[in-house]
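Student: mind folding the following:
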Amino acid sequence: MSNIQIGDDGWTEIVGEQQRGGTPNIDTLAPILGAGGYDVLGEMLQKSPAFANYVAQRAASSRPVTYRAPLQKARDWDLSFGPVSGAAGTTTVITVAPQCLFRGEKVMATDSATPAGTGTRITQVLIGQRLQRPATGGGSLTLFFANGALGNGIKWDTCQQALSIAVTVSFVSACTFDMTVFGKAVV
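Tutor: The predicted model follows:
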């Protein structure tokens, strides 16, 4: 019974409902005949390989099929940076700790200036201590990362579990900044 695992062990994936072979470590007649099935037909199960195979297939079709696989629970994930308000001429750093492996692949940002996206600039992005955007110059207007902008996809480094992502925002005018980073996470 060392194969039994209660809860998510990080390795077992559910494939779905389908027939499969195999001999489980439980009363295989229970799904077919109920709790007393082994008492009635147990001797036949032990003596007839064909009957044992039939019972195993019937029992297997009543349970989901699982398989052992390495950790591959990558999924779409998003991280929110904001909303953050600031006065004209100020700079703020927004820090988020994903708590899982995360790699950003698209940025969508806006601010409350008129027109939207012209009141702030994204000047720097750090993952841990690794720079993801050049720190020189005035940064990029938030407008360049609007949800309708073309080519605002990114490929950041993977943020490890103990690290954080820090985004530096410079306020051109008094407004509220909001940003979401979409990517892949392994949890």
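
Student: and the residue lying closest to residue 80 once chain neighbours are set aside, how far is that from residue 137?
Tutor: In space, and not counting its chain neighbours, residue 80 is closest to residue 180: 5.3 Å by CB to CB, 6 or more residues apart in numbering. Any C-beta I mention is one placed from the backbone N, CA and C, and that applies to glycine too. For residue 180, the distance to residue 137 (CB to CB, to the nearest Å) stands at 24 Å.

Student: neighbour-wise, which of these two wins?
Tutor: residue 180 (17 against 9; other CB atoms under 10 Å).

Student: give me the element the more buried one is part of.
Tutor: strand 175-186 (DSSP states H and E).

Student: put the alpha carbons of that strand into PDB.
Tutor: C-alpha atoms of strand 175-186 as PDB (Å, rounded to 0.1, in the frame of the first residue of the first chain):
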ATOM      1  CA  CYS A 175      -2.300  60.200 -12.100                       C
ATOM      2  CA  THR A 176      -2.900  56.600 -11.200                       C
ATOM      3  CA  PHE A 177      -0.800  53.800 -12.800                       C
ATOM      4  CA  ASP A 178      -1.900  50.200 -13.200                       C
ATOM      5  CA  MET A 179      -0.100  47.300 -14.900                       C
ATOM      6  CA  THR A 180      -0.600  43.600 -15.400                       C
ATOM      7  CA  VAL A 181       2.100  41.200 -16.600                       C
ATOM      8  CA  PHE A 182       0.900  38.000 -18.200                       C
ATOM      9  CA  GLY A 183       3.000  34.900 -18.500                       C
ATOM     10  CA  LYS A 184       3.600  31.300 -17.500                       C
ATOM     11  CA  ALA A 185       3.900  30.000 -13.900                       C
ATOM     12  CA  VAL A 186       4.800  26.600 -12.500                       C
END
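
Student: so residue 85 sits against residue 178, correct?
Tutor: No - counting by CB atoms under 8 Å, residue 85 stays clear of residue 178, with 10.0 Å between them.

Student: those two: which has the busier surroundings?
Tutor: residue 178 (18 against 15).

Student: ok, that one to residue 83 distance?
Tutor: 4 Å.

Student: ok, residue 92 next?
Tutor: 11 Å.

Student: got it, and residue 176?
Tutor: Taken as CB to CB, the span from residue 176 to residue 83 is 5 Å.
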